[in-house]
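1. Need coordinates for the below:
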Amino acid sequence: MGKSSNARSASITFFGLLAIVFITLKLTNQIDWSWLWVLAPLWGPVALIIAIGVLAISGGMIERACETPRERHARLLKKAFEDYRAALTRQRR
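-> Numbering: from 1, shown residues only. This is a model prediction of the structure:
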């Protein structure tokens with residue numbers, strides 16, 4: 001019989017390691033940074049993902065706001081037609 005192991009492997013990410021290095025340097029007075037920047041490896045990746053999401057959403061909103069009334073009408077008409085077609089397909093089944 002083989003041995004079954006329930007032990008979890010603990011690993012540290014690059015940003016976690018960088019945070020440990022920065023905290024160590026700050027506590028030993030090797031760097032004179034604000035704690036905001038010392039802890040940046042912990043909050044930085046999350047802030048970057050949020051910023052990219054906000055830019056993507058706002059870009060879509062700007063694109064939609066710039067469409068002409070004719071383009072908007074064509075888009076809504078196409079969606080209505082696709083919905084009607086899907087309803088007919090479901091009804092036939």
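2. now the helices for the protein?
-> 14-27, 35-38, 40-65, 69-92 (DSSP state H).
3. I'd like the distance from the second one to the chain centre, please.
-> Using C-alpha atoms, centre = their mean, to the nearest Å, the mean C-alpha position of helix 35-38 is found 23 Å from that of the whole chain.
4. ok, back up a step: among the helices of the chain, show me which one is buried the most.
-> helix 14-27 (a mean of 14; mean count of other C-beta atoms under 10 Å). For the C-beta atoms, the positions are set from N, CA and C on the backbone; glycine is no exception.
5. contact partners of that one?
-> Helix 14-27 is contacted by residues I12, I31, W33, W35, W37, V38, L39, A40, P41, L42, G44, P45 when judged by C-beta atoms under 8 Å, 6 or more residues apart in numbering.
6. who's in contact with the last one?
-> Translated: P45. F15.
7. So for the protein, the centremost residue is which one?
-> I49 (4.3 Å; C-alpha atoms, centre = their mean).
8. Can you check the pLDDT for that one?
-> I49 is assigned 95 on the pLDDT scale.
9. Next, work out how far apart it and R93 are.
-> 41 Å (C-beta to C-beta, to the nearest Å).
10. do W43 as well
-> Remark: distance between W43 and R93 (C-beta to C-beta) = 51 Å.
11. Also Y84?
-> Per C-beta to C-beta, Y84 is found 16 Å from R93.
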